[in-house]
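> Below is the sequence, then the predicted model.
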Amino acid sequence: MTHARLGRSGLSISRLCLGTLNFGPETSEADSFAIMDRAAELGINFFDTANVYGWEEGKGATETIIGNWLAQGGRRDRIVLASKVFMQTGDGPNDGGLSAYHIRKACDDSLTRLRTDHIDLYQMHHIDRAAPWEEIWQAMETLVRQGKILYVGSSNFAGWHIAQAQAAAAARNFMGIVSEQGLYSLCYRHSELEVIPACRAHGVGFLPWGTLNRGFLAGSGARRHRGQKATERLKREYERFGGRLPAYVALCREAGESPADVAFAWTLHNPAVPAVIIGPRTIGQLESSLHCLDIRLDESLLVKLNELWPSPGGEALEGHRPR
């Protein structure tokens, strides 16, 4: 397993991040334990979750599974643990958002479910336009001083949100955000317009999610999803991009690689990306993801990928251009 620095921080993370979205709703606690055990054996030290994961099983159910795994002992110091705050967790008027009130309570609740005394990377799940940065950073600084969190990250931010956050943090002599999680795949490259340039300018590591676009870029047809709503979403992806899929699968076959591995390798080729988030439902899916770390995309393949999946800005992002 190779590692990289998380943004401008001194923290080393594995280049594959274990996303835990499926733990609970699709993967049983026992199977989730097995996946986490195997991930740790393989050298994956970066685990990502959120306080609302669990969804139909109950918001927080995924953090509870991870906490039960950590409670077995000998595991906490082996991983960089990330969670998130923002989404509504209850019916009260302050049970969501990024008010200091909710940040404090949500962090304490996550720590209880995770059965740990600190979260290594605490991420703002979305921007909160109603909460001023002075309030947000004061709350985060307090959590850092208390030892409850070590680093702050963001997710689903626009480029100007990142710039705004970093300017406000700098004015307080606070480190600010070290990572941004964003939707990024061959299908959806809009982050190249402003978000990734903002990350590079401000020393923020960009962590892609949705790299396989709901399984579409795995090239094997529709995968199992939770409920009719998820099925309809995938159907829309096929309606939008399905015409390109045969050419993409053929291109990957010509390169001697699987479509999923190429999709992951393509994101990792980007110099702004220290790690890509994978969301395995089984140990087999976890282990099959490892090969993408060994793939080196040559100039010819990069040109063909850019032609098939063009950047919205017209020009390929630095790192995805032929060198």
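Received the coordinates, thanks.
> Could you use CA atoms for every contact and neighbour count after this?
OK.
> This structure: helices as residue ranges?
29-41, 61-70, 100-114, 133-145, 159-171, 195-201, 227-241, 245-255, 259-268, 283-289, 299-308 (DSSP state H).
> And those: which comes nearest Gln181?
Taking C-alpha to C-alpha, helix 195-201 is the member of these nearest to Gln181, at 10.1 Å.
> Now do the buried residues in the closest one.
195-200 (16 or more other C-alpha atoms under 10 Å).
> do stretch 61-80 as well
Neighbour-count burial for stretch 61-80 [16+ other C-alpha under 10 Å]: 61-70, 76, 79-80.
> which ones are touching the closest residue in space to Trp209 that isn't next to it in sequence?
Using C-alpha to C-alpha, 6 or more residues apart in numbering and skipping residues adjacent in sequence, the residue nearest Trp209 is Leu183, 5.0 Å away. By C-alpha atoms under 8 Å, 6 or more residues apart in numbering, the contact set of Leu183 is 156, 191, 208-211.
> any chance of those residues in JSON lines, with neighbour count too?
Converted to JSON lines, these look like this (neighbours: other C-alpha atoms under 10 Å):
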{"residue": "Asn156", "neighbour count": "17"}
{"residue": "Ser191", "neighbour count": "23"}
{"residue": "Pro208", "neighbour count": "24"}
{"residue": "Trp209", "neighbour count": "22"}
{"residue": "Gly210", "neighbour count": "18"}
{"residue": "Thr211", "neighbour count": "27"}
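> Now, these that are in strands?
Residues of the contacts of Leu183 located in strands (DSSP state E): 208-209.
> ok, Arg5 touching Phe46?
No - Arg5 lies out of contact with Phe46 (C-alpha atoms under 8 Å); the separation is 11.7 Å.
> Name the residue in the two with the higher neighbour count.
Set side by side, Arg5 and Phe46 show more neighbours around Phe46, with 25 against 16, by other C-alpha atoms under 10 Å.
> Beta-bridge partners for that one, please?
Here Phe46 sits in beta bridges with Val80, as judged by DSSP bridges.
> Next up, the contacts around it.
So Phe46 contacts 13-14, 16-18, 79-82 (C-alpha under 8 Å, 6+ apart).
> before we move on, what about Asn213?
185, 187, 237.
> Low-confidence ranges, the stretch 1-150 of the chain, go.
Applying pLDDT under 70 to the stretch 1-150 of the chain flags no residue at all.
> now do the stretch 151-300 of the chain
Using pLDDT under 70, the flagged stretches of the stretch 151-300 of the chain are 220-230.
> Mind doing that once more with 50?
Low-confidence segments of the stretch 151-300 of the chain (pLDDT under 50): 222-226.
> Pull up the per-residue confidence for Arg321.
pLDDT, Arg321: 50.
> related to what we said a few turns ago, give me the distance between the residue nearest to Trp209 and His190.
Leu183 sits 9 Å away from His190, taking C-alpha to C-alpha, to the nearest Å as the criterion.
> Quick check: buried residues in stretch 40-55?
40, 43-54.
> and what of stretch 269-279?
For stretch 269-279, burial by neighbour count (16+ other C-alpha under 10 Å) applies to 269-270, 272-279.
> Format the residues you listed as CSV; extra columns: distance to Ala168.
CSV is the format used below for the buried residues of stretch 269-279 (distance: C-alpha to C-alpha, whole Å):
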residue, distance to Ala168
His269, 31
Asn270, 28
Ala272, 22
Val273, 24
Pro274, 25
Ala275, 26
Val276, 28
Ile277, 28
Ile278, 32
Gly279, 33
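> In strands, which of the residues you listed fall?
276-278.
> out of those residues, who's nearest Ser32?
Ile278 (13.8 Å).
> My read is that the closest one contacts Arg15, right?
No - in this structure, Ile278 is not within contact of Arg15 by C-alpha under 8 Å, at 10.2 Å.
> Find residues that contact each of Arg5 and Phe46.
Ile13.
> I'd like the contacts of Leu183 as JSON lines, with distance to Gln166 appended.
Shown next, in JSON lines, are the contacts of Leu183 (distance: C-alpha to C-alpha, whole Å):
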{"residue": "Asn156", "distance to Gln166": "15"}
{"residue": "Ser191", "distance to Gln166": "18"}
{"residue": "Pro208", "distance to Gln166": "20"}
{"residue": "Trp209", "distance to Gln166": "22"}
{"residue": "Gly210", "distance to Gln166": "25"}
{"residue": "Thr211", "distance to Gln166": "26"}
